[in-house]
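> build me a structure from this.
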Amino acid sequence: MKTILLDMDGVLADLVPAVLKAYDVPYQYREWPSDCHGLYAVCKKLKETFNVPMDEFWTNLSADFWWLLPKTEYCDQIVQKAVDLAGLYNVHFCTYAVTPQSAEGKMRWIESRNSRHD
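Below you'll find the predicted structure:
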């Protein structure tokens, strides 16, 4: 039996543009530095730009921020392909909660967007 784990941040949920929007930073993929597209590279750049300590950087993002993250363009296709390969109950989401608010919001995100149907 196969089990597939799908990462939420950046794979299923479009996190980087949402973080930038939360900090009022315009995001144009082609204009952003080529070495700064991953979440941690973006966070580092924002930390340097706004001089915000990392713990404060994350705590500024509410549970609703995490819950309302948009799906990535390919989210539904990725989930469907995983279900096709491993079966509905063998596909699981994995993520890291950096704050209690992110844990709450991410659980709500998963529950509201990816309910299982037989």
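> what is the helix or strand containing residue 111 packed up against?
For residue 111, the element it lies in under DSSP states H and E is helix 100-113. On a contact count with 3 or more CB pairs under 8 Å, 6 or more residues apart in numbering; DSSP states H and E, helix 100-113 meets helix 63-67. All C-beta spots, glycine's among them, are computed from the backbone N, C-alpha and C.
> show me which residues of the helix it packs on are buried.
For helix 63-67, burial by neighbour count (16 or more other CB atoms under 10 Å) applies to 63, 65, 66, 67.
> distance from the chain centre to that helix, please.
Centre-to-centre, helix 63-67 and its host chain are 10 Å apart (CA atoms, centre = their mean, to the nearest Å).
> what mean pLDDT does it get?
The pLDDT scores in helix 63-67 average 95.
> what is the subsequent helix or strand relative to it?
Of the helices and strands lying after helix 63-67 in sequence (DSSP H and E), the nearest is helix 75-86.
> what does that next one rub up against?
The contact list for helix 75-86 (CB atoms under 8 Å, 6 or more residues apart in numbering) reads 1, 2, 3, 4, 6, 11, 12, 13, 72, 91, 114.
> which non-adjacent residue is nearest the fifth one?
Excluding its sequence neighbours, the residue lying closest to residue 6 (CB to CB, 6 or more residues apart in numbering) is residue 93, at 5.4 Å.
> that older thread, got the CA positions of the helix holding residue 111 in CSV?
In CSV, the C-alpha atoms belonging to helix 100-113 read as follows (Å, rounded to 0.1, in the frame of the first residue of the first chain):
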residue,chain,number,x,y,z
PRO,A,100,-0.3,28.4,17.5
GLN,A,101,-2.2,30.7,15.0
SER,A,102,-0.6,28.9,12.1
ALA,A,103,-1.6,25.5,13.5
GLU,A,104,-5.2,26.6,13.9
GLY,A,105,-5.4,28.3,10.5
LYS,A,106,-3.7,25.4,8.6
MET,A,107,-6.0,22.8,10.2
ARG,A,108,-9.0,24.9,9.1
TRP,A,109,-7.5,25.3,5.6
ILE,A,110,-7.1,21.6,5.2
GLU,A,111,-10.6,20.8,6.6
SER,A,112,-12.4,23.4,4.5
ARG,A,113,-10.7,22.7,1.2
